[in-house]
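Trainee: Pasting a predicted model and its sequence here:
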Amino acid sequence: MKKLGFLAVALVLSATAFAQTTTPATTTANPVPAQMKDVRQDVRAYNKDKATAAKDAKAGDLTAAKTAATAAKAEKQDIKADAATLKAEGVAHPVAKADAQVKAADVKAIRTDEKTLATDKKAAKADVKAGDVAAAKTELAAAKAEKKDIKADIKAARRDGVKHPVKRAGK
């Protein structure tokens, strides 16, 4: 009987304790997506500055290489500061997530450009078949511009650490 009495008292005390606690206020504005976007931009800038520094050093332009390396170092500090803020917000491994998101965006850009290139080529073939040479030339010019975009996207993807970006985009 004593056990039942103690259980009832404990139950009443715990119920009153829980009733007195307030629920945390929910915030409507979530700063995490904006901060993650900032980290992604910093990661891209860091990769670009690091690649520029290596390219300039290889070319023998040491002053430009040092300037780019200094810029990369500043970007790295921004990344670390943003990562600390995101970790405080509860995001686990923010830099790794941002890096993966950058790589995924690079592959997606290549995939989109390849689809546009295929569409332009198909439209050019249809224009030639229809006998519209001017429209075919326009489509071929657009295809040539898409090829340049694809090359730029591949270069950016390689710089951001994507191995075999064309193969990944084909999947």
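Mentor: Arrived safely, thanks for sending.
Trainee: Local confidence estimate at residue 15?
Mentor: pLDDT recorded at residue 15 is 76.
Trainee: and stretch 48-56, how far from the chain's centre?
Mentor: 20 Å (CA atoms, centre = their mean, to the nearest Å).
Trainee: next one: stretch 103-111
Mentor: On the basis of CA atoms, centre = their mean, stretch 103-111 sits 9 Å off its chain's mean C-alpha point.
Trainee: now do stretch 93-100
Mentor: The answer for stretch 93-100 is 8 Å, by CA atoms, centre = their mean.
Trainee: For residue 44, which non-adjacent residue is spatially closest?
Mentor: residue 102 (5.9 Å; CB to CB, 6 or more residues apart in numbering). In this view, the C-beta of every residue, glycine as well, is placed from N, C-alpha and C.
Trainee: which element is the one you found on?
Mentor: Using DSSP states H and E, residue 102 falls within helix 94-130.
Trainee: ditto for residue 144
Mentor: Counting by DSSP H and E, the element that carries residue 144 is helix 133-159.
Trainee: And residue 161, by the same measure?
Mentor: Residue 161 belongs to no helix or strand, assigned by DSSP H and E.
Trainee: any idea how far residue 1 lies from residue 8?
Mentor: For residue 1, the distance to residue 8 (CB to CB, to the nearest Å) stands at 11 Å.
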